[in-house]
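**Student:** turn this into a model:
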Amino acid sequence: MNPFTRIIRANQLKTNAVLAIYFALFLCIGLLGDIVRINAPSFGALVSFQIFPLITCIMALCAIAVILYSIGNFRQIMLSGDTYKELTPQSAQTQKEKQIVQILDELLYQSQTPFRPRLYLLEAPYLNAFASGWNQNNALIALTSALTNTLDRDEIKAVMAHELSHIRHGDIQLTLVVGILANIMTLALNFIIMAFFGGNRNEGAKTARSILMILSFVLPLLTVFLQMFLSRSREYMADSGAAYLMNDNRPMIAALQKISGSYEKYNFADVDTNPTRRAAYIFGFGELLSTHPSI
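**Tutor:** Numbers count the residues shown, from 1 in each chain. Below you'll find the predicted structure:
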């Protein structure tokens with residue numbers, strides 16, 4: 001097995017591991033919520049299933065439902081918040097739109113890619129792009145209008161090759177599911193804390209409630225660092241994949257320099273309100289906690 005294939009396989013294993021961690025966290029939050037709900041004197045009463053773990057079961061079902069919903073509705077989730085248009089050979093009207101469709105056709109032909117991701121153009125003032133989907137058969141690539149109007153043809157092709165590489169490498173599940181799971185988990189955690197905050201509690205319930213309070217601060221940071229840990233290596237691989245598909249690394253370098261230069265000149269930090277999509281972009285909004293490597 002060559003190093004490239006080995007790294008891709010390792011990234012896919014990490015994705016599955018992170019999904020398992022988040023499912024376990026859902027169960028853990030549910031278990032702690034049940035301990036507070038029944039005012040248990042210790043953890044043993046619930047762990048031994050003397051009392052039905054209602055909140056734990058609800059959290060487990062919630063995690064499964066979120067994953068299934070994400071798979072079935074990822075296009076609406078990822079594209080919401082902006083005006084967008086799907087580009088096909090039939091729907092492309094302007095010269096720029098036709099050029100973008102042609103670029104995708106070239107990349108698919110040159111890379112002998114057996115699938116065709118759906119292509120979208122987002123009306124947005126910032127330079128960025130992302131890929132999403134659950135697998136190769138239902139994937140999408142989206143480019144912002146500012147990016148297509150600013151970059152030249154080879155640079156647009158390099159960015160699209162980068163996003164196509166994400167799909168070819170099996171990277172796209174991570175940002176889609178983890179981003180949504182993290183948001184739902186935080187909402188559920190805050191609801192449990194508010195619902196069972198007051199009242200006299202036994203020692204076990206007090207301990208469980210204290211752990212839940214700590215988790216409400218720790219989990220958002222854990223989500224950021226998990227995504228950073230996984231995404232940065234994937235971004236390097238996608239950059240490498242773009243250079244491979246282009247047979248040249250200079251267009252990718254030039255595209256990233258123009259994108260980062262635009263963010264240095266203008267403050268786009270609060271423009272995009274879609275938290276799931278922000279983690280999937282080719283360029284991160286904040287350097288310190290960005291899921292992407294520094295330019």
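**Student:** just the CA trace of stretch 115-122, in PDB.
**Tutor:** The C-alpha atoms that make up stretch 115-122 are tabulated as PDB, following Å, rounded to 0.1, in the frame of the first residue of the first chain:
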ATOM      1  CA  PHE A 115     -19.300   9.600 -10.600                       C
ATOM      2  CA  ARG A 116     -20.500  13.200 -11.200                       C
ATOM      3  CA  PRO A 117     -21.000  15.400  -8.100                       C
ATOM      4  CA  ARG A 118     -23.800  18.000  -8.400                       C
ATOM      5  CA  LEU A 119     -22.400  21.500  -8.900                       C
ATOM      6  CA  TYR A 120     -23.800  24.700  -7.200                       C
ATOM      7  CA  LEU A 121     -23.000  28.400  -7.400                       C
ATOM      8  CA  LEU A 122     -23.700  30.400  -4.200                       C
END
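**Student:** which residues are contacting that stretch?
**Tutor:** Where contact means Cβ atoms under 8 Å, 6 or more residues apart in numbering, the residues beyond stretch 115-122 that reach it are 75, 79, 82-88, 97, 100-101, 104, 108, 131, 133, 136-137, 139-145, 148, 164, 167. The way it works is simple: take the backbone N, C-alpha and C, and place the C-beta from them, glycine included.
**Student:** what mean pLDDT does stretch 155-172 have?
**Tutor:** Here stretch 155-172 scores 90 as its mean pLDDT.
**Student:** buried subset of the contacts of stretch 115-122?
**Tutor:** Neighbour counting with 16 or more other Cβ atoms under 10 Å marks 75, 79, 82, 84, 87, 97, 100-101, 104, 108, 131, 133, 139-145, 148, 164, 167 as buried within these.
**Student:** where do the strands sit along the stretch 51-200 of the chain?
**Tutor:** In chain order, the stretch 51-200 of the chain shows strands spanning 84-87, 118-122, 129-132, 140-144, with DSSP state E, counting those that start in this stretch as the criterion.
**Student:** and the lowest mean pLDDT element among the helices and strands of this protein?
**Tutor:** Taking mean pLDDT, DSSP states H and E as the measure, the chain has helix 44-47 as its least confident helix or strand, at a mean of 57.
**Student:** picking up where we left off before, right, so of the strands of the stretch 51-200 of the chain, which gets closest to Leu32?
**Tutor:** Leu32 sits nearest to strand 129-132 of all the strands of the stretch 51-200 of the chain, at 32.3 Å, using Cβ to Cβ.
**Student:** what packs against that closest one?
**Tutor:** Contacts of strand 129-132 with other secondary structure elements, assessed using 3 or more Cβ pairs under 8 Å, 6 or more residues apart in numbering; DSSP states H and E, are made with helix 54-79, strand 140-144, helix 153-168, helix 172-195.
**Student:** with distance to Ile38 added, can I get those in TSV?
**Tutor:** As requested, the helices and strands packed on strand 129-132 are exported to TSV (distance: least, Cβ to Cβ, whole Å):
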stretch	distance to Ile38
helix 54-79	9
strand 140-144	45
helix 153-168	45
helix 172-195	13
